[in-house]
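Colleague: What shape does this take:
(2 chains)
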Amino acid sequence: MEVDVDTKENKVVEVRNGCQIGTKKYFASNPSNHRYEKPLIKEKGSFKEVSWDEALDKAADILVKAKRPLLYGFSSTECEAQGKGVELAEVLGAILDNTASVCHGPSLLAIQDVGAPTSTLGEYKNRADLVVFWGCNPVHAHPRHLGRYSEFVRGYFRKDGRNDRYIIVVDPRNTHTAQIADLFIQVNPSEDYELLNAIRAILRGTEVDGKEVSGVPMKNIIELVNKLKTCKFGVIFFGMGLTQSLAHHRNIDAAICLVRELNDYTKFLLTPMRGHYNVAGANQVFAWQTGYSYSIDFSRGYPRYNPGEFSSVDVLIRNEIDASLIVASDPASNFPAAAVKNMFKHPLISIEPHHTPTSVNADVILPPAIAGIECEGTAYRMDSVPLRLRKVKDAPGECLTDNEILERLIEVVKKKKGE
Amino acid sequence: MTEIKLVLKKEPEFPLEADVISPDQFTGKTLADIKKLIVYYGNEEKTLGEFFDISGKSGELTDLKIIIEGNLSNVKRIGEKMSAGEIEINGNVGMHVGNRMTGGKMLVNGNADDWAGAMLNGGELEITGDAGHYVGAAYRGFWKGMQNGIIKVHGKVGDEALTWVNGSKPANRFPTLICGSAGSFLGIHGHGGTIIVEGNCNRCVGADQVRGTIVVKGKVSRILPSYKKLGEVKEIELMNGEKINGKFVEYSGDHSVEKNHSKIDKKTGIISNSSNGRLFIAA
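Modeller: The predicted model follows:
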């Protein structure tokens, strides 16, 4: 079932067994007019091709001059490059952040508050007979998840695959995942906290007043609680629907508390449905090198952590940043407009293989090889299992790996700072 | 009382971390020494004298008052860990004002940003304007937030004020927040706090509260389903023995937390009045 890639004359020509998202990633690596092949510097509004030395010199100049630089991204590159990102942030006294801050950062906050009963995906495949998808739509966002780990797959103790599992979907919308579920709970948008709270209270034997909670009739909630209590091995997968609706990390906080309490009755675990293929890796690398998984400030020479104060969207909205280095990410199409506006006010360096709204507005573009296609590395799966990325073809043009670019950038920066 | 006056020369462009502005740091130092104290501006180290005009005279710690003038909304951590003395701020102030204070008094004549009085452990913090989110809250990952002292906010406080508040009657610790109105998740994960809201409150008041008293004199947009209505009361006794008169509806909770649930009689289903998690809303 592994992904099978054919290449011809250094071009991807066929991808077998990949999902739509993955297949597209492989084909996007082919040389095209959307791909950068040489370092570029913006001069008088238009890009000029320059040598690597010149581009790195300009980039280092921008970063060394900045009083409060931001290093953001890292979730779509391999772990060795992420480690170099931490080193660069420390040398510069910069703010270091990864895409978790607009994605599953709230999950990490909740985990820091109340812990996380979690496991690897193989456990769920072999044991889970009850799977809850809360605020996520894996049919579209994680197409192979259902087939490989959570729904249709046959496991050691779940020999009959889909028939051995009971699928519950909680979502405000009747998504395609909801349509293949056994039980669909339609919750009012941004009222998940109240529903989780009611479930926890009912689980503890408290009678909850009222006919409904968050738009869900009381009898459905009681049915849901009975299902959760009586399974053999349950799991909650949750996505942006919980982390980025109102109440953010408090939703996850309540979900974790629910899972903790369900373990009085049966075995229950939960796992976040991470987005970028290596965002879990960015969290792991940052955490083992600095102690914190995202929103890290090195301005006082040592790492400090405080999402809300040092997270990239917040610092950009407050216009605290005077230069930014974006690695393997496209904040211009994901961040709030006010944040993007402030980012474009100041010098911007982009390490990015493709034309994106961020890179076309950058002052320096450093073209990398795509990790996992054009260079090797390590990536962490959403359940924090490290996997080796393989190389299937060479990078076009003068592209260097992210790791090499950052390594050389650190060298130039150190030289400029006189270290 | 000896006074030291600080006047901000120019509003800083980047956040200025001035945790040295505290009576504990100023006491026993001459003005020249105080001017040389280190502040952090972006990723650079600067001195306090570069940003403030400093005048007055330093003195005994308990007898020292610091007066600060100017728009300090980009100046962070004023009065961090102060243990005695007084600070008066005339103007808006930035994040973390008076965080981890253990004593003394701080008055902000203006608005404060997020984390005002975070993890306060004594003393008094008064803000005449509004305060941001996480007033008196625990920092990320801490299981004990504000443990003692009092925070008064005349205006509104943002979301998640007083998270993980931790008071104790036997130890005589009564962390208290008095505010004009409050955002959502007021007093989440509370373990013995006292919160009095003069006005209205947003959703999820007292979520996951194990112990503590929350009094809302206005309206609450939505009460959590895990709170049980007990009935009307005319007088509320706070944890520190003080009393509030008025007509209130009493709720008990949060019953999604294990410790509170044990207060429900398993046979009769009656909730014991001695249940410590209580929420009072004006009738």
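Colleague: how much space is there between A:W134 and chain B?
Modeller: Per C-beta to the nearest C-beta, to the nearest Å, A:W134 is found 17 Å from chain B. In this view, the C-beta of every residue, glycine as well, is placed from N, C-alpha and C.
Colleague: Run a quick neighbour tally on that residue.
Modeller: For A:W134, the count of nearby residues is 24 (other C-beta atoms under 10 Å in any protein chain shown).
Colleague: That one touches A:M240, doesn't it?
Modeller: No - contact status for A:W134 versus A:M240: not in contact, 10.8 Å apart, counting by C-beta atoms under 8 Å.
Colleague: Next SSE downstream of the lowest-mean-pLDDT helix or strand in chain B?
Modeller: Least confident element among the helices and strands of chain B, by mean pLDDT, DSSP states H and E: helix B:258-261 (a mean of 67). Once the chain leaves helix B:258-261, the next helix or strand it forms, by DSSP states H and E, is strand B:277-282.
Colleague: which residues touch that following strand?
Modeller: Residues outside strand B:277-282 that contact it (C-beta atoms under 8 Å, 6 or more residues apart in numbering or on different chains): B:190, B:205-206, B:209-220, B:223, B:227, B:233, B:236, B:246-254, B:257, B:260.
Colleague: In strands, which of the residues you listed fall?
Modeller: Among those, the residues falling in strands (DSSP state E) are B:211-216, B:233, B:236, B:246-252.
Colleague: Most widely separated two among those?
Modeller: B:R211 and B:K247 (24.2 Å; C-beta to C-beta).
Colleague: more crowded one of those two?
Modeller: Ranked by neighbour count (other C-beta under 10 Å), B:R211 and B:K247 place B:R211 first, with 21 against 11.
Colleague: give me the low-pLDDT residue ranges for the chain?
Modeller: Since no chain was named, I'll use chain A. For chain A, the stretches flagged by pLDDT under 70 are A:1.
Colleague: um, chain B though
Modeller: Using pLDDT under 70, chain B drops low at B:259-266, B:269-275.
Colleague: which stretches of it form helices?
Modeller: B:23-26, B:31-35, B:48-51, B:258-261 (DSSP state H).
Colleague: between those, which one is nearest to A:Q244?
Modeller: Minimum separation from A:Q244 across these (C-beta to C-beta) falls at helix B:258-261, 29.0 Å.
Colleague: Now do the strands in the stretch 51-200 of chain B.
Modeller: With strands called from DSSP state E, counting those that start in this stretch, the stretch 51-200 of chain B shows them at B:52-56, B:64-69, B:75-76, B:86-90, B:105-109, B:121-127, B:148-157, B:176-182, B:191-197.
Colleague: what number of residues lie near B:I127?
Modeller: 29.
Colleague: I figured it hits B:V153, correct?
Modeller: Yes - between B:I127 and B:V153 there is a contact under C-beta under 8 Å: 4.7 Å.
Colleague: any residues in contact with both of those two?
Modeller: Joint contacts of B:I127 and B:V153 (C-beta under 8 Å, 6+ apart) are B:112, B:116.
Colleague: Could you list the contact residues of the stretch 301-419 of chain A toward chain B?
Modeller: For the stretch 301-419 of chain A, the residues in contact with chain B (C-beta under 8 Å from any C-beta of the partner chain) are A:305-309, A:320, A:322.
Colleague: Name the member of these that has the highest neighbour count.
Modeller: A:P307 (25 neighbours).
Colleague: Give me the neighbour count for the residue lying closest to it once chain neighbours are set aside.
Modeller: Of all residues not flanking A:P307 in the chain, A:S295 sits nearest, at 4.3 Å (C-beta to C-beta, 6 or more residues apart in numbering or on different chains). Other residues near A:S295 come to 27 when the count uses other C-beta under 10 Å.
Colleague: likewise A:R318?
Modeller: 17.
Colleague: again, but for B:V20
Modeller: B:V20 has 19 nearby residues by other C-beta under 10 Å.
Colleague: swap in B:K243?
Modeller: Neighbour tally, B:K243, other C-beta under 10 Å: 8.
Colleague: just the one 3 residues further on next, same as before
Modeller: By other C-beta under 10 Å, the residues close to B:G246 number 13.
Colleague: I'd guessed it sits against B:K234; true?
Modeller: Yes - proximity of B:G246 to B:K234 meets the contact threshold set by C-beta under 8 Å, at 7.3 Å.
Colleague: Close to chain A: what parts of chain B are there?
Modeller: Within chain B, the positions adjacent to chain A are B:14-15, B:17, B:40-44, B:95, B:114-115, B:133-134, B:139-141, B:143, B:160, B:184-185, B:188-189, B:203-204, B:207-208, B:222, B:224-226, B:228-229, B:254-256, B:258, B:261, B:264, B:266, B:269 by C-beta under 8 Å from any C-beta.
Colleague: From those, list the buried ones, please.
Modeller: Taking 16 or more other C-beta atoms under 10 Å in any protein chain shown as the criterion, what is buried in the residues of chain B next to chain A is B:14-15, B:17, B:40-43, B:95, B:114-115, B:133-134, B:139-140, B:160, B:184-185, B:188-189, B:203-204, B:207-208, B:224-226, B:228, B:254-256, B:261, B:264.
Colleague: got a markdown table for the residues of the stretch 301-419 of chain A next to chain B, with secondary structure too?
Modeller: Formatted as a markdown table, these follow (DSSP: H, G, I helix; E, B strand; the rest coil):
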| residue | secondary structure |
| --- | --- |
| A:Y305 | strand |
| A:N306 | coil |
| A:P307 | coil |
| A:G308 | coil |
| A:E309 | coil |
| A:E320 | coil |
| A:D322 | coil |
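Colleague: which residues touch the nearest residue to A:F47 once chain neighbours are set aside?
Modeller: The spatially closest residue to A:F47, leaving aside those adjacent along the chain, is A:L40, at 4.2 Å (C-beta to C-beta, 6+ apart). Applying C-beta under 8 Å, 6+ apart, we find A:L40 in contact with A:47-50, A:55, A:364-365, A:367.
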